[in-house]
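Chemist: Provided below are the primary sequence and the corresponding predicted coordinates.
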Amino acid sequence: MSVDGVVESRNSLWTSVASLFASSSTLVCCALPALLVALGAGAALSSLIAVFPQLVWLSEHKVGLFVFAGLMLLASGVLQWRNRHAPCPTDPALRNACLKTRKTAGLVYGTSVLLYLVGGWFAFVQPWLSE
């Protein structure tokens with residue numbers, strides 16, 4: 001009994017989770033501060049930066065952050081695409097686990113892309129429109 005399909009699906013899931021963390025950092029650097037300021041919660045943003053001064057570093061290096069997150073998303077997308085028709089084991093329990101993991105990886109990847117786009121909007125498009 002082969003479990004290669006389960007292993008490939010798990011690898012795809014882990015790359016999707018890594019891309020989720022990378023793309024969520026784009027939200028922390030750019031979208032969260034913009035949202036707080038837009039809601040008139042500048043004092044809350046100031047308190048947040050006092051507790052987590054690394055947010056300033058992330059904002060200062062947003063181009064590199066977005067390039068890294070984009071590369072992670074690209075790698076994850078390639079693996080998702082490559083493994084989309086990978087065979088799953090014939091054992092019903094392993095096959096169901098393989099298909100479930102593949103579906104979960106796809107949902108995590110889609111969420112990652114959405115977070116990346118929202119972060120990119122607030123980091124680059126919204127400031128450009130405000131000029």
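Modeler: Alright, I've got the coordinates.
Chemist: give the contact list for Trp121.
Modeler: The contact partners of Trp121, by C-beta atoms under 8 Å, 6 or more residues apart in numbering, come to Ala31. C-beta coordinates here come from the backbone N, C-alpha and C atoms, glycine included.
Chemist: kindly report the same for Ser24.
Modeler: Counted by C-beta under 8 Å, 6+ apart, Ser24 has contacts Ser112, Leu115.
Chemist: quick one: stretch 105-118 to chain centroid distance?
Modeler: 5 Å (C-alpha atoms, centre = their mean, to the nearest Å).
Chemist: got it, and stretch 30-50?
Modeler: Chain-centre distance of stretch 30-50: 21 Å, with C-alpha atoms, centre = their mean.
Chemist: contacts for stretch 57-75 next, please.
Modeler: Applying C-beta under 8 Å, 6+ apart, the set of residues contacting stretch 57-75 from outside is 15, 18-19, 22-23, 25-26, 28-30, 33, 109, 112-113, 116, 119-120, 123-124.
Chemist: what subset of those residues is buried?
Modeler: 15, 18-19, 22-23, 25-26, 28-30, 33, 109, 112-113, 116, 119-120, 123 (16 or more other C-beta atoms under 10 Å).
Chemist: report the spatially closest residue to the residue most central in space within the chain, excluding sequence-adjacent ones.
Modeler: What sits nearest the mean C-alpha location of the chain, by C-alpha atoms, centre = their mean, is Leu20, with 2.4 Å. Using C-beta to C-beta, 6 or more residues apart in numbering and skipping the chain neighbours, the partner closest in space to Leu20 is Ser112 (4.4 Å).
Chemist: element containing that neighbour?
Modeler: helix 92-120 (DSSP states H and E).
Chemist: CA atoms of the next helix or strand along the chain from that helix as PDB?
Modeler: Using DSSP H and E, the helix or strand that directly follows helix 92-120 along the chain is helix 126-130. Backbone C-alpha positions of helix 126-130 (Å, rounded to 0.1, in the frame of the first residue of the first chain) are rendered in PDB as follows:
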ATOM      1  CA  GLN A 126      -4.300  52.900  -1.700                       C
ATOM      2  CA  PRO A 127      -1.400  55.300  -1.100                       C
ATOM      3  CA  TRP A 128      -1.000  55.800  -4.800                       C
ATOM      4  CA  LEU A 129      -4.700  56.700  -5.100                       C
ATOM      5  CA  SER A 130      -4.600  59.100  -2.200                       C
END
